[in-house]
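In: Compute the structure for the input listed below.
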Amino acid sequence: MSERNDRLRWQLVTGLLRQFHLERWSARFDPQLVLATFNFVNAGVSITLIAFIALISQEAFIFPSLGATAFLLFYLPLAEASSPRNAFCGHLIGAVVGWLSLVAFGLQEQPEAMLNGVELARVGAAGLALGTTCFVMVLLRTAHPPAAATALMVALGTMTSLYQIGVLLAGVMLLLAQAMVINRLAGIPYPIWAKRLPSA
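Out: Below is the predicted model:
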């Protein structure tokens, strides 16, 4: 499996190098260095663009767990967890469950834990958010590990309104659109929605 992932990652890099007529790089430099540089550029540029939109709009399009999603999308683009379905639905589940955990413990109007410290209600909200997010993602077969961090982030009070949750999901969609363009440019059959599972 690891060897297959390495082949796919290298196919991604060589495909992009071919698109931009830079094939000589793959022969001239260590493949691991080229792959690391590819991830540096794509993840960095993608997050920078989203952060720039956040700067202009003053909305929370950028959030910590989006960085982990970017890593998956550009390093393991054909993993099931990297599919648009899993990434979008995972963050949706994490954000909504995190918000419902805030409501369940009456914390929507409270300052976030990083400013106010962690009290007993916040402990309950965090535990409920993470446990429920993991349960629902597994139940619905939409595993996306960074979404667990989204659930905790919301439960800790970083985002407390449904409007902010909508902006968060818009950030996920922006990143997925970039991943679609970059991965498809490289010749990787990145799925439009869900990864096509092998037939039994």
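
In: who's in contact with the residue most central in space within the chain?
Out: Centroid-nearest residue in the chain: Thr69, 2.2 Å away (criterion: Cα atoms, centre = their mean). Going by Cβ atoms under 8 Å, 6 or more residues apart in numbering, Thr69 touches Ala87, His91, His144, Pro146, Val172, Leu175. Every residue, glycine included, has its C-beta placed from N, CA and C.

In: next one: Ala68
Out: Pro145, Pro146, Ala149.

In: May I see those organised as a markdown table, with neighbour count added?
Out: Converted to a markdown table, the contacts of Ala68 look like this (neighbours: other Cβ atoms under 10 Å):
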| residue | neighbour count |
| --- | --- |
| Pro145 | 15 |
| Pro146 | 22 |
| Ala149 | 21 |
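
In: re the thing from before, among the contacts of Thr69, which ones are in strands?
Out: Residues of the contacts of Thr69 located in strands (DSSP state E): none.

In: Can you lay out the residues you listed as TSV showing distance to Leu35 and pLDDT?
Out: Conversion of the contacts of Thr69 to TSV gives the following (distance: Cβ to Cβ, whole Å; pLDDT from 0 to 100):
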residue	distance to Leu35	pLDDT
Ala87	21	98
His91	26	98
His144	22	98
Pro146	21	98
Val172	24	97
Leu175	20	97
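
In: of all these, which two lie farthest apart?
Out: His144 and Leu175 (12.1 Å; Cβ to Cβ).

In: which residues do these two both contact?
Out: In contact with both His144 and Leu175: Thr69, Ala87, using Cβ under 8 Å, 6+ apart.

In: tell me which element Ile47 is part of?
Out: helix 31-57 (DSSP states H and E).

In: For that helix, list every residue counted as buried.
Out: Val34, Leu35, Phe38, Asn39, Asn42, Ala43, Ser46, Ile47, Ile50, Ala54 (16 or more other Cβ atoms under 10 Å).

In: In JSON lines, list these along with pLDDT.
Out: Listed next are the buried residues of helix 31-57 as JSON lines, based on pLDDT from 0 to 100:
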{"residue": "Val34", "pLDDT": "77"}
{"residue": "Leu35", "pLDDT": "78"}
{"residue": "Phe38", "pLDDT": "81"}
{"residue": "Asn39", "pLDDT": "85"}
{"residue": "Asn42", "pLDDT": "87"}
{"residue": "Ala43", "pLDDT": "92"}
{"residue": "Ser46", "pLDDT": "93"}
{"residue": "Ile47", "pLDDT": "95"}
{"residue": "Ile50", "pLDDT": "95"}
{"residue": "Ala54", "pLDDT": "94"}
